[in-house]
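I'd like to go over a predicted model; first the sequence, then the structure.
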Amino acid sequence: MTGRGPLPASARPGPAAWRRTALLAGLVAAPPAALVLGVRALRATRTADIGSMGLVQALPAQLYLALALLTVSFLAAVFFGRDVRPVVLAAHVVVLTVLLHGAATLAEPLPRFVPAWLHVGFTDYIARTGETLPEFDARFSWPGVFAWAAMATRAAGLPDAMPLLGWTPVALNLLYAATVYKLAGAVSGATGTAWLAVWLFLPANWVGQDYFSPQGLNYFFYLVILTVLVIWFRVPRLERARRRLRRRARQGHPSGSPTPLRPRRLRRLVGLPLAPTLHEPEPVAASPAVLAGLMAVVLVLFTASAASHQLTPMAILVSATMLVAIRRCAVQALPALLLVILLGYVSYLTVTYWSGHLQDMVGSFGRVSHTVNSGITERVRGDPGHLFVLKVRQGLALGIWALAALGAWRCLHRGRGDLALLALAGAPFLLLFAQNYGGEVFLRIYTFALPFMVVLVVALLVPAWPARRTVLAAVLACLLSVVLTGGFLVARYGNESFEQVRAGDAAAIEWLYANATPGVTLVAITSNVPWRVRDLEQFRYTPLGEDLGPDSLPAIEAAMLSNPRGAYLIMTEGQYVWAETFYGKPPGWGQSIERQIIASGRFRLVYSHNNAKIFILAGPRGGSG
Amino acid sequence: MNPMNQRLPREDGGSGRPQPVRLRLVGPAGEATTGGPGQRFRPYRLPLLLLLCGPAVLALVVLDAPAWARVAPVLAYLLVVPGLACVRLLGLADGGLAVMLGAGLSLALGILVAQAMIYLDLWSPTLGLSTLVAVASASGLVELYRGTLAGPGRDEEPEDAP
């Protein structure tokens, strides 16, 4: 006996307190547990099982368990957690980012995606020479990101940018997530909305433009610029009313006369109140000096964007113009300023590109039906697995847009419509009038609209509907999260059968660079080869673009004979899979060409390892020249 | 409090109306910057850190330290510091927003510096890094100068404040 009596009932922790403590402990333990489980599952993935539907065919069940644990824990924290520190929620977001956007990096032996390897080659060239090669590739006319990477990797003592490849998507998505959090918080004013928007944004961002590329970094610039405009540069409500009165006075309406008729019938039909934007957010107050500084930041970011990517500055310009047009940006001269920067850069520093490609740049201006065709119809091809992946992508995009439209209606219905947010969600669709962007314009529109669409989707769930039914809202959020996460694994990694870089393909390229004489031509039957990763100016390449190369014996021979110094023909598994999955070539297409080449007797095999072969012409004009 | 219902702190106090600008730092030109209420502010710590880490990173590069020792500091510096040092001059109350803007500005400045070196035929990664260190150090010095001018603790709440 200690001599102390039992604690009074009021001092003992009750069942509710125990439950709260257990919930908190669970919330803290979930992210590390999910990380360990998920990473182990991804490390155990057998890449040989990746089929035409991509990585999802090879992922172990433990990964889904980890994602489910993380989702339940995060939503419990957001909807029911009390006193949950933001760092706990941030840990969930970081682990989700690693498991989703780092999945391929963890599962595959080499960094994925041939264009990313090519960007390593661009970076390597700038780092070695301090120059660009605008005649070689259009991207060298916008070399900003490659120049930065060249400077950073050399200063950091790295031999090339290859070590950055694998984790760039994770790093970029963390930057995007931080910006989306701030953006969603600014337009909604609630932490729950902000966290939920981030949680849905990460799996909804399946487009895969976040690899080591100019567009990946420029998307961050796009988000930061628009976030700054939305937070600080809105026109205050009072100022808008003053401007409206001045405008009406100029038009000859007396100040006391009623406002012009609005389409009330339409408004009533869709169930909107008299003032659907009554509670629109106001700008954060700041001194003129601070606003001037922020505008300087915007202009520097835009200049860097104009110097490093073709499309993103256009998207920024369109969105900023839209904000000014609907009187949600106080700096009315901003579109003109941005246009001057953009035209200045294009006019002086990309002459080498546009002097030969003016048609590519402005040819699709205003041709919406052509853009729609090249963006949808012409891209729907490939084997059945790939077609399924494309359908999932279309379904996810249309689903997000439909839910965002419902969320927008709910915001307007509650008098909390935000015209700035609606304009930013809609502005990217105007890009349809500008460029088809190699048939990728719909992917870009989806990406540029996504952060704003996601905030509108969250408006469906927060505040809970029906009122005070938090459990129902949490269940709906969970369902949405599960659908998006499952859809992400199919949509994002659906091309993994040919977007992964096989060890055999990379080893063959290494052999080629070690043995081929500079100046020879390297020939492949498709462009899905991890070449041009270094010394890119020292060889000629066929095909140079992102398409099929010569695929008949005479065509291959002609391509190899075109260079008097000699040529190498490289045949790899990655090329065959790409042609079959993406272009719908019959199964065994590549192997059949390989057999014809061997049977012809006009080629000599100089390398064969791990499903990769290298040939030279058997005559006196072989690869060594 | 349930985070679902928790309101985010706003720089203007959440009222939605423009608030009178709170003086925190006063620069040589007398410009005012926004500051959060009751913020305990040490005007010299972070600018001093930003000022010192530049030369430290530069030393790693100039002395050709092994890659394992300089990859993380150099990349982290290039990703955050030059922009953050500039953005801090604006005195934003929201630290998260300042870091986000700082990261964006750092990358943008890095791109512009690297590209300028190419067009001016001055390519040298060390020169590029030195330029960014100079920008960050100048910003840090300005902030330190402004903080010193304002006087230590001038922006703090008095100890006996209610």
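That came through fine.

who's in contact with the closest residue to chain A within chain B?
Closest to chain A within chain B is B:W123: 2.5 Å, counting by Cβ to the nearest Cβ. In this view, the C-beta of every residue, glycine as well, is placed from N, C-alpha and C. Neighbouring residues of B:W123 by Cβ atoms under 8 Å, 6 or more residues apart in numbering or on different chains: A:126, A:129-131, B:117.

and residue 110, which helix or strand is it part of?
I went with chain A, as the question did not name one. In the assignment (DSSP states H and E), A:L110 maps to no helix and no strand.

hmm, no, I was thinking of chain B.
Judged by DSSP H and E, B:G110 forms part of helix B:95-119.

now do that helix, average pLDDT.
Mean pLDDT, helix B:95-119: 96.

that one close to chain A?
Yes - applying Cβ under 8 Å from any Cβ of the partner chain, one finds helix B:95-119 touching chain A at B:96-97, B:99-101, B:103-105, B:107-115, B:117-119.

buried residues in the helix or strand following that helix?
Downstream of helix B:95-119, the next assigned helix or strand under DSSP H and E is helix B:125-150. Going by neighbour count (16 or more other Cβ atoms under 10 Å in any protein chain shown), the buried part of helix B:125-150 is B:125, B:128-133, B:135-137, B:139-140, B:142-144, B:146-147, B:150.

do stretch A:124-140 as well
A:124-127, A:130, A:132-134, A:137-140.

what's the answer for stretch A:396-407, then?
Judged by neighbour count using 16+ other Cβ under 10 Å, the buried positions of stretch A:396-407 are A:396-397, A:399-401, A:403-404, A:407.

try stretch A:26-44
In stretch A:26-44, counting by 16+ other Cβ under 10 Å, buried: A:26-28, A:30-31, A:34-35, A:37-39, A:41-42.

now, those residues that are in helices?
A:26-28, A:30-31, A:34-35, A:37-39, A:41-42 (DSSP state H).

hang on, A:E537 packs against A:Y125?
Yes - applying Cβ atoms under 8 Å, one finds A:E537 in contact with A:Y125, separated by 6.3 Å.

overlap in contacts of these two?
Residues touching both A:E537 and A:Y125 by Cβ under 8 Å, 6+ apart: A:L133.

next, A:L412: phi, psi?
The phi/psi pair for A:L412 (degrees, to the nearest 10) reads phi -60, psi -40.

kindly provide the distance from the closest residue to it other than its chain neighbours to A:I597.
Once flanking residues are discounted, A:L412 sits nearest to A:P276: 3.8 Å by Cβ to Cβ, 6 or more residues apart in numbering or on different chains. Distance, A:P276 to A:I597, using Cβ to Cβ, to the nearest Å: 67 Å.

quick check, central residue of chain A?
Centroid check for chain A by Cα atoms, centre = their mean gives A:Q209 as the closest residue, at 3.6 Å.

that one - that's part of a strand, no?
No - A:Q209: not assigned to a strand; according to DSSP: H, G, I helix; E, B strand; the rest coil it is coil.

phi first, then psi, for it.
phi -90, psi 10.

excluding sequence neighbours, find me the nearest residue to it.
Closest to A:Q209 by Cβ to Cβ, 6+ apart is A:Q215, at 4.8 Å.

just checking, the one you found touches A:S305?
No - judged on Cβ under 8 Å, A:Q215 makes no contact with A:S305 at a distance of 10.2 Å.

those two: which has the busier surroundings?
A:S305 (34 against 20; other Cβ atoms under 10 Å in any protein chain shown).

ok, and for whichever strand or helix holds B:L79, which residues are buried?
Taking DSSP H and E as the criterion, B:L79 maps to helix B:67-87. Using 16+ other Cβ under 10 Å as the burial criterion, the residues of helix B:67-87 that qualify are B:70-71, B:73-75, B:77-87.

for the stretch 301-450 of chain A, which spans come out with low pLDDT?
Under the criterion pLDDT under 70, the flagged ranges of the stretch 301-450 of chain A are A:356-368, A:370-380, A:436-439.

next: chain B.
B:1-43, B:149-162.

the residue nearest to A:P543 when sequence neighbours are not counted: what's it in contact with?
Take A:P543 and drop its neighbours on the chain: the residue closest to it by Cβ to Cβ, 6+ apart is A:G549, 3.9 Å away. Contacts for A:G549 (Cβ under 8 Å, 6+ apart) come out as A:523-527, A:542-543, A:559.

can you list the weak-confidence ranges in the stretch 451-600 of chain A?
Ranges of the stretch 451-600 of chain A meeting pLDDT under 70: A:464-468, A:545-546.

tell me which residue of it lies closest to chain B.
For the stretch 451-600 of chain A, Cβ to the nearest Cβ, closest residue to chain B: A:V462, 6.4 Å.

could you measure from that residue over to A:A178?
20 Å.

ok, now B:D121?
37 Å.

look at the two and report which has more neighbours.
Taking neighbours as other Cβ under 10 Å, B:D121 and A:A178 compare with A:A178 leading, 22 against 8.

tell me the contacts of A:P313?
A:218, A:302, A:305-306, A:338, A:341-342.

now with 6 Å, please.
A:305-306, A:342 (Cβ atoms under 6 Å, 6 or more residues apart in numbering or on different chains).
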